[in-house]
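*Asks:* Would you be able to build a 3D model of this:
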Amino acid sequence: MPSERTEVQVRPGVEDDLAALTDLYNHYVRETPTTFDTRTFTSEERRPWLLSYPEDGPHRLMVATDVDSQRILGYVTSGPFRAKPAYGTTVEVTVYLAPDAGGRGIGTLLYEALFEALADEDVHRALAGVVPPNEASVRLHERFGFRYVGTYREVGRKFGRYWDVAWYEKEL
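*Replies:* Take a look at the predicted model:
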């Protein structure tokens, strides 16, 4: 188990990260309602997702790694909110942490790096969906100035039940 004092580096995600990112995401597919994907992915199936995030522009993928082991501890993305052109200055952001990496400030490091990278981009609004209950995610988003704007009720069905999505927004 990694030490609490692990030095963490945040950098853009690269193709060599694909297997580790796929494994991390698949944990959330299998074990939690955090994502509404209901079947796991192979790395090859996730390759287009990874390649959709260039190192610059409003749509980014950044990873947090343990400096010593280079193990991926989490990742953050800013992706398109909707496909229509008028939504072009709005991004949807998300953070996923390795199951043993919570509570160590890694989500904070990822959001700090992402919002710093987006500061010079033509982005006006960031949106984040949180599947309740997820107090750690709510606290993270509120710490970064996101405000709650509403809940879509029972919009996803997973694990034999319906789940809500609470939406948060942040002006950039």
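
*Asks:* quick one, helices of this protein?
*Replies:* Along the chain, the stretches classed as helices by DSSP state H are 18-31, 43-51, 106-118, 135-143.

*Asks:* With distance to Ala64 added, can I get those helices in a markdown table?
*Replies:* (C-beta placed from N, C-alpha, C; glycine too.) Listed next are these as a markdown table, based on distance: least, C-beta to C-beta, whole Å:
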| stretch | distance to Ala64 |
| --- | --- |
| helix 18-31 | 11 |
| helix 43-51 | 16 |
| helix 106-118 | 5 |
| helix 135-143 | 13 |
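
*Asks:* Tabulate those helices in TSV, adding columns for distance to Ala98 and mean pLDDT.
*Replies:* As requested, these are exported to TSV (distance: least, C-beta to C-beta, whole Å; pLDDT from 0 to 100):
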stretch	distance to Ala98	mean pLDDT
helix 18-31	6	98
helix 43-51	16	96
helix 106-118	8	97
helix 135-143	14	96
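
*Asks:* Single out the most deeply packed of these.
*Replies:* Highest mean neighbour count among those (mean count of other C-beta atoms under 10 Å): helix 106-118, with a mean of 19.

*Asks:* now that helix against helix 135-143, angle please.
*Replies:* Put simply, helix 106-118 runs at 30 degrees to helix 135-143, going by axes from the mean of the first three to the mean of the last three C-alpha atoms, to 10 degrees.

*Asks:* List the contacts of helix 106-118.
*Replies:* 8, 10, 58, 60, 62, 64, 73-76, 78, 91, 93, 95, 97, 126, 136, 140, 143-144, 172 (C-beta atoms under 8 Å, 6 or more residues apart in numbering).

*Asks:* and Gly150, which of the helices of the chain is closest to it?
*Replies:* Checking those against Gly150 by C-beta to C-beta gives helix 135-143 as the closest, at 13.9 Å.

*Asks:* Tell me the predicted confidence for Thr6.
*Replies:* pLDDT recorded at Thr6 is 73.

*Asks:* which ones are touching the closest residue to it other than its chain neighbours?
*Replies:* Nearest-residue entry for Thr6: Asp66, 5.1 Å, with adjacent residues in sequence omitted and distances by C-beta to C-beta, 6 or more residues apart in numbering. Going by C-beta under 8 Å, 6+ apart, Asp66 touches Pro2, Thr6, Glu7, Val8, Leu73.

*Asks:* bridging residues for Asp66?
*Replies:* Following DSSP bridges, Asp66 is listed with bridge partners Val8.
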